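K.L.:
no sequence on this one, just coordinates:
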């Protein structure tokens, strides 16, 4: 049935709290970016970003679930027009997940957590009002896999660029020695 005013207020509170916590995490990383820790502890930064991303995935999931209209046990063909809004919120969540997952470059092995986080969210989706069809679940999981593949490609490109810059620097040193 319809939500009571108290239930809607509670859902709105969950929405605002989830989004506020996301903002706090962004501010924490903004502060951390001004410290030497970012340059001197790359492994810790990668782990911290992964944990933060995973927390943000969960908070986004909660916030979008709080926005949709509860219709957990109904088949999609029985849903009234208002539930199209629920489907749209699910699509926006998938887009938000992809954006958060790809905002900060992570190493390949660390980015594998994204796949597990996506699988966990899909598992919990059945206990929420956030509607994601079966094909939507496949697309969502493919998004998580794509994120991991992008991390792999980015890491390989970065390593190749480092090696080529190192070779150029070595060549310059040799040329200077030869000329002097």
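P.N.:
In hand now; what should we look at? For clarity, every value in this text was computed on a predicted model and none was experimentally measured.
K.L.:
determine the longest helix present in this structure.
P.N.:
The single longest helix within the chain, with elements called by DSSP state H, is helix 134-179.
K.L.:
which strands or helices does that helix pack on?
P.N.:
helix 84-103, helix 108-125 (3 or more C-beta pairs under 8 Å, 6 or more residues apart in numbering; DSSP states H and E). Placement of C-beta: from N, CA and C, glycine included.
K.L.:
which of the ones you listed has the lowest average pLDDT?
P.N.:
Among the helices and strands packed on helix 134-179, helix 84-103 carries the lowest mean pLDDT, a mean of 80.
K.L.:
ok, and what's touching it?
P.N.:
53, 56-57, 60-61, 64, 67-69, 71, 76, 79, 111, 114, 118, 121, 129-132, 136, 139-140, 143-144, 146-147, 150 (C-beta atoms under 8 Å, 6 or more residues apart in numbering).
K.L.:
count of residues packed around residue 39?
P.N.:
Using other C-beta atoms under 10 Å, residue 39 has 8 neighbouring residues.
K.L.:
show the model's pLDDT score for it.
P.N.:
The score at residue 39 is 83. That number is its pLDDT.
K.L.:
before we move on, which element is it in?
P.N.:
Per DSSP states H and E: residue 39 is located in helix 37-40.
K.L.:
so how far is that helix off the chain centroid?
P.N.:
Its chain's C-alpha centre and that of helix 37-40 lie 23 Å apart, by C-alpha atoms, centre = their mean, to the nearest Å.
K.L.:
if we can go back for a sec, of the contacts of helix 84-103, buried ones?
P.N.:
53, 56-57, 60-61, 64, 67-69, 71, 111, 114, 118, 121, 129-132, 136, 140, 143-144, 147, 150 (16 or more other C-beta atoms under 10 Å).
K.L.:
quick one, the helix or strand of the chain with the lowest mean pLDDT and helix 108-125 angle?
P.N.:
Sorting the helices and strands of the chain by mean pLDDT, DSSP states H and E puts helix 84-103 at the bottom, at a mean of 80. Calculated by axes from the mean of the first three to the mean of the last three C-alpha atoms, to 10 degrees, helix 84-103 forms an angle of 160 degrees with helix 108-125.
K.L.:
check contacts around residue 54.
P.N.:
113, 117.
K.L.:
tell me the spacing between it and residue 25.
P.N.:
Distance, residue 54 to residue 25, using C-beta to C-beta, to the nearest Å: 11 Å.
K.L.:
now the helix or strand hosting residue 17: buried residues?
P.N.:
Assigned by DSSP H and E, residue 17 belongs to helix 5-32. Neighbour-count burial for helix 5-32, counted by 16+ other C-beta under 10 Å, picks out 11, 14, 15, 18, 21, 22, 25.
K.L.:
point out where this protein drops to low pLDDT.
P.N.:
1-9, 69-87 (pLDDT under 70).
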